[in-house]
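Undergrad: sequence unavailable; structure follows:
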């Protein structure tokens, strides 16, 4: 009986184990799947941040309209607080997106070497 083309049995001190050749088609499919999953995972994270930024921008626009339309001191303070909070969150999301982009670029440059 002949061993499968992609599998080999190696004997070491303790026991035997089956391995897959690094150049086999099976190994390449496993690598492709891992690469696809990692790329999709990063894209999903980027989409989440983008959705959060879009939400905060809509909230900021609403807080600005409320601030303009407010007449009472308490309303003005609440609208100003909401506006400042939205601005802070947007800045945080932008810096997070920038940090992730830099990490992706760094990982790509390391893979190319």
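TA: Good, I have the coordinates. Because the structure is a prediction, the values reported are computed rather than measured. Numbering: from 1, shown residues only.

Undergrad: next one, pLDDT for residue 108 please.
TA: Looking at residue 108, its pLDDT stands at 84.

Undergrad: as a check, name the ranges of all strands in the protein.
TA: Here the chain has its strands, by DSSP state E, at 7-11, 16-20.

Undergrad: gap between residue 99 and residue 82?
TA: With the distance defined as CB to CB, to the nearest Å, residue 99 ends up 26 Å from residue 82. C-betas here are computed from N, CA, C, even on glycine.

Undergrad: which one of those two has more residues nearby?
TA: Here residue 99 and residue 82 are set side by side on neighbour count (other CB atoms under 10 Å), and the busier one is residue 82, at 17 against 10.

Undergrad: any idea how far that one lies from residue 65?
TA: Distance of residue 82 to residue 65, given as CB to CB: 11 Å.

Undergrad: low pLDDT regions in the protein?
TA: Low-confidence regions of the chain, defined by pLDDT under 70, span residues 1-46.

Undergrad: mind redoing it with 90?
TA: The chain contains residues with pLDDT under 90 at 1-48, 104-113.

Undergrad: for it, which segments are assigned as helices?
TA: For the chain, helices defined by DSSP state H occupy the ranges 25-69, 73-112.

Undergrad: and the shortest one, which residues are buried?
TA: To tie it back to what came earlier, the one meant is helix 73-112. For helix 73-112, a neighbour-count test (16 or more other CB atoms under 10 Å) marks 79, 82, 83, 86, 89, 90, 93, 97 as buried.

Undergrad: which of those residues sits closest to residue 69?
TA: In terms of CB to CB, no member of those lies closer to residue 69 than residue 79, at 8.5 Å.

Undergrad: ok, and the closest non-adjacent residue to that closest one?
TA: residue 67 (3.8 Å; CB to CB, 6 or more residues apart in numbering).

Undergrad: how much space between the one you found and residue 112?
TA: 49 Å.
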